[in-house]
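1. give me a 3D structure for the following:
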Amino acid sequence: MLTLLNLLSGVAMLIWGTHIVRTGVLRVYGADLRRILSHSISNRFLAFAAGVLVTGLVQSSNATALIVSSFGAQGLIALAPALSIMLGADVGTALMARILTFDLHWLSPLLIFFGVVFFLSRKQTRAGQIGRVAIGLGLIVLALQLIVSATTPMTEAAGVKVLFGSLTGDVMLDTLIGAMFAMVSYSSLAAVLLTATLASSGVISLKVALCLVIGANLGSGMLAMLTSAGQNAAGRRVVFGSLVFKLIGCLIVLPFVDYAPALVSWLSDAPAQAVVNFHVLYNLVRCVVFLAFTEPMARLCVRLLSERPEADGVMRPRHLDESALEMPSVALSNATRETLRMGDIVEQMLNGLLDVIRSNDVARARETRRLDDDVDHLYTAVKMYLTRVSRENLSEQDSRRWTDIISLTINLEHAGDIIERMVTEVEEKKISHKLSFSEAGLQEICDMHARLVTNLQLGLSVFLNTDLRSAQRLMAEKESFRDLERAYSYTHLNRLAGQSVQSIETSSLHLDIISDMKRLNSLFCSTAYPVLDDAGALRKSRMRDKPKDGKDARDAGELRDVKAPKAPRDSKASALSVLADVATAAANVRDDNESSHDGPEPAGHPHPVR
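-> Numbering: from 1, shown residues only. This next block holds a predicted model:
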C-alpha cells in the first residue's frame, strides 16, 4: 500500500511540477512568447521553429495550443501558419522529454533550494517567478526519481504483473490508455516521462510503452480540442487541424508498431532512452512531413468547421483570451481592449439617441435599447474575466490598472442604462404623443450631444494613454459642460416665459434630457481622475477651510430661504420669469454643493483638480 502511495505521489508531483513550470514561464515571458508567435507567421519554417522554442520553454504543447488558437480566434494569425506552429509545438514537447530523461538527480536539490530562496524573497518580481520555474523543474526531476524507486518493488508483485499484463498485445487499447492518461494529467510530457520510467523499471514492455507514447500524443490533441470548445470557429480550426495531423500519424504508425521496438533498441539499449528516442523520432518525422500539407489542411478545416450563428444575437467578447489569464499584464491588455469595445457601443447608443430625438424613429429606438444588452453582456464578461486574474501576482502599476478597468466598465454600464432610459422616455413622452422640440431647444440638445460624444472619445483616449494634458483638458470640459447645462436650463425656462407652445409641451422631457446628459458627461470624464491623482493634481476636498463671507456655508436647506420677487398678478409671463429665477437660484445652490458630484458618483477618484 505504501509503495502504491509513493507511486501516486510521484505522479502527482510530476504533473504539479510541469504545471508550475508552465505557469511560471508564462507569467515572466508570456508577453514575449506571444510576440514571438505573432511575428513568426511570414513562412511555415519560421512558424515551426517558433512553436519548438515556445513549447520547449513552457513544457506544454497544450499551453501553446491555447495561445495560438486564441490568436486564430481574434484573426491575428492565418490558419496555415498556426498549424505550422502546432507542429513545432509537438517537436518541442518531445525534445523537452529527451532532456529531462538525462541523469539529473544532482540538479533537483539545487533547483528547489535556490528556487525557494528567490521565490520567497522576491515573490512579486521577475526573479521570484524564475525561482518558481526552478522549483517546478526540481520537482519534475525529483518526481521521476520517486517514480523509479516506487516502481522497482512493484515489478516483483504478482498482482501488478497481472494488471500491466493486460496492456500487452492490444495495440488500440494501449493507445487509448495513453491518450486518457495524457488528458487526465493535462500534459503529454508527464505521460511520456511516466511511460519511460515504467518501461525502465520493467513494469511494462517496450511495445506497450511505444503504444502509450503514441496515445499520449493523440491525447494532447484531444485535450486541446476540449479546452478550445468555447472559442469561435477560427480558434477551433487550429486545434482541430492539429488533432487531425496527430490522428493520421497515429493510424500510419500503429500497423508497424511491432517493428518499432527493434528500431529503437538499435538506437539505445536502455528502455527509458528507447521510449524517449522513439517519441522524438516519431514527432520529428511526422511533423516535418505534414509541414508541407498545412495549406490543404487549412482548407479542409475551414470547410468542416463553419461559424456558428449566435442564437440570441447578443455581442460576444472578442479579446478576452482565456490562455492569457496566466499572464496578468497580457490579460489586463485584453480587458482594456474589450472595455474600449464597450465604449464604442455606448457611442453608438448616443448617436442612436440623437437620431430618435430628431426623427421619432421607433425602429431606431428599439435598436438603440437593444445595444444596452450588448453593453451589459460585455460588462459581465470583463468583470468575470478580471476576477480570474491573480491579484497576488500583479505589480503595483498593474493593480491600479486593474482598478481603473473595473471602474470604467462600471461607468460605461451605468451610462448604457441611462441612455436606454432616455430613449424610453423619448418614446413615451414625445413619439407616442407626436410632439416635437422647439427649434432652439433641439439645437441645444444637439450641441450638448456633440460635446458629449467628444468627451466620451477623449475619456477613452485618456483611459488608454493616461496622458496628463488630455486628462486636464477633460476635467476642463467637465466644468464647461456643467456650465452649459445650467445655461441651457435657464434659456429653456425663458422660452417657457415667452409662451412657446413646443417648449411647454416638451418641458419636462427637455430638462430631463439635458440633466441626464450632464450625468453621462460626469461618468465619461471620470477616467481623468486616476491620471490626475497619480500626477498629484487633485485636492482632497473642494471645501474651504474657512467660509468666506458666509457664502461657502450654504447647504441644500438654504434653498427654502430663496425668496422670489413679487410679480404682477395679471402677468403670466412675469410669473414664469420668477419661476426661472427661482430655478436658477436652486441650480446655483445645487452646483455649489455638488460641484464634485454631478449626479451619481462615477466609479473612480472623485477628487477636485488643483
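2. where do the domain boundaries of this protein fall?
-> By the assignment in automatic domain parsing, the chain contains the domains 2-304, 322-540+554-593.
3. now the ones you listed as CSV including distance to M315?
-> (C-beta placed from N, C-alpha, C; glycine too.) Putting the domains of the chain into CSV (distance: least, Cβ to Cβ, whole Å) gives the following:
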stretch, distance to M315
domain 2-304, 13
domain 322-540+554-593, 4
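4. pLDDT weak spots in the stretch 301-450 of the chain?
-> 307-314, 323, 392-393 (pLDDT under 70).
5. can you give me the helices in it?
-> Listed in chain order, the helices of the stretch 301-450 of the chain (DSSP state H, counting those that start in this stretch) span 328-359, 362-387, 396-426, 439-465.
6. and what of the stretch 451-600 of the chain?
-> Under DSSP H, counting those that start in this stretch, the stretch 451-600 of the chain gives helices at 468-497, 501-505, 507-525, 528-534, 572-593.
7. how about the first one: buried residues?
-> The one in question is helix 468-497. Of all the residues in helix 468-497, those buried under the rule 16 or more other Cβ atoms under 10 Å are 470-472, 474-475, 477-478, 481-482, 484-486, 488-489, 492-493, 495-497.
8. buried stuff in the host helix or strand of V285?
-> Assessed by DSSP states H and E, V285 sits inside helix 271-290. The neighbour-count check on helix 271-290 (16+ other Cβ under 10 Å) flags 271-280, 282-283, 286-287, 290 as buried.
9. now stretch 202-220
-> Of all the residues in stretch 202-220, those buried under the rule 16+ other Cβ under 10 Å are 203-220.
10. nearest to A12, of the helices of the stretch 451-600 of the chain?
-> Nearest to A12 among these is helix 528-534; the distance by Cβ to Cβ comes to 43.9 Å.
11. mind exporting the C-alpha coordinates of that closest one to PDB?
-> Backbone C-alpha positions of helix 528-534 (Å, rounded to 0.1, in the frame of the first residue of the first chain) are rendered in PDB as follows:
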ATOM      1  CA  ALA A 528      -9.200  61.700 -15.800                       C
ATOM      2  CA  TYR A 529      -9.200  61.200 -12.000                       C
ATOM      3  CA  PRO A 530      -6.600  58.300 -11.800                       C
ATOM      4  CA  VAL A 531      -4.300  60.200 -14.200                       C
ATOM      5  CA  LEU A 532      -4.600  63.400 -12.200                       C
ATOM      6  CA  ASP A 533      -4.300  61.600  -8.900                       C
ATOM      7  CA  ASP A 534      -1.000  59.900 -10.000                       C
END
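12. hang on, the earlier thing: relative to A440, which of the buried residues of helix 271-290 is nearest.
-> Nearest member of those to A440, counting by Cβ to Cβ, is F290, at 71.8 Å.
13. how about the nearest residue to that closest one, chain neighbours excluded?
-> Of all residues not flanking F290 in the chain, F245 sits nearest, at 5.0 Å (Cβ to Cβ, 6 or more residues apart in numbering).
14. so the one you found touches V289, yeah?
-> No: using Cβ atoms under 8 Å, F245 makes no contact with V289, being 9.6 Å away.
15. from S9, how far out is Y186?
-> Applying Cβ to Cβ, to the nearest Å, the value for Y186 to S9 is 17 Å.
16. who's more crowded, these two?
-> Y186 (19 against 14; other Cβ atoms under 10 Å).
17. which ones are touching the more buried one?
-> For Y186, the contacting residues are 15, 19, 62, 223, by Cβ atoms under 8 Å, 6 or more residues apart in numbering.
18. now with 7 Å?
-> The contact partners of Y186, by Cβ atoms under 7 Å, 6 or more residues apart in numbering, come to 15, 62, 223.
19. from those, which is closest to L110?
-> Closest approach to L110 among these (Cβ to Cβ): I15, at 22.2 Å.
20. give the next helix or strand downstream of whichever strand or helix holds the closest one.
-> Using DSSP H and E, I15 maps to helix 2-38. In the C-terminal direction, the helix or strand that comes right after helix 2-38 (DSSP H and E) is helix 44-58.
21. returning to that earlier point: closest to Y385 out of the helices of the stretch 451-600 of the chain?
-> Among those, helix 528-534 sits nearest to Y385 (Cβ to Cβ), with 20.1 Å.
22. only alpha carbons, please: show stretch 95-104 as PDB.
-> Coordinates of each C-alpha in stretch 95-104 appear next as PDB, following Å, rounded to 0.1, in the frame of the first residue of the first chain:
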ATOM      1  CA  LEU A  95      12.800  17.500 -27.100                       C
ATOM      2  CA  MET A  96      12.000  18.500 -23.600                       C
ATOM      3  CA  ALA A  97      11.100  14.900 -22.700                       C
ATOM      4  CA  ARG A  98      14.500  13.900 -24.000                       C
ATOM      5  CA  ILE A  99      16.300  16.400 -21.900                       C
ATOM      6  CA  LEU A 100      14.500  15.500 -18.700                       C
ATOM      7  CA  THR A 101      15.400  11.800 -19.000                       C
ATOM      8  CA  PHE A 102      19.100  12.500 -18.600                       C
ATOM      9  CA  ASP A 103      20.600  11.700 -15.200                       C
ATOM     10  CA  LEU A 104      19.900  15.000 -13.400                       C
END
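23. begin at 15 from now on, thanks
-> Understood, numbering begins at 15; the last thing we discussed is stretch 109-118.
24. give the buried residues for that stretch.
-> Applying a neighbour-count criterion of 16+ other Cβ under 10 Å, the buried positions in stretch 109-118 are 109-112, 114-115, 118.
25. P123: neighbour count?
-> By other Cβ under 10 Å, neighbour count at P123 equals 12.
26. if I look at I419, how far off is L408?
-> Distance, I419 to L408, using Cβ to Cβ: 12 Å.
27. likewise G129?
-> According to Cβ to Cβ, G129 and L408 sit 21 Å apart.
28. neighbour-wise, which of these two wins?
-> Taking other Cβ under 10 Å, G129 and L408 do not tie; G129 has more neighbours (23 against 18).
29. check contacts around that one.
-> 145-146, 148-149, 152.
30. what's the answer for G366, then?
-> So G366 contacts 378, 381-382 (Cβ under 7 Å, 6+ apart).
31. run the last query once more with 8 Å
-> G366 makes contact with 378-379, 381-382, 385, 437 under the criterion Cβ under 8 Å, 6+ apart.
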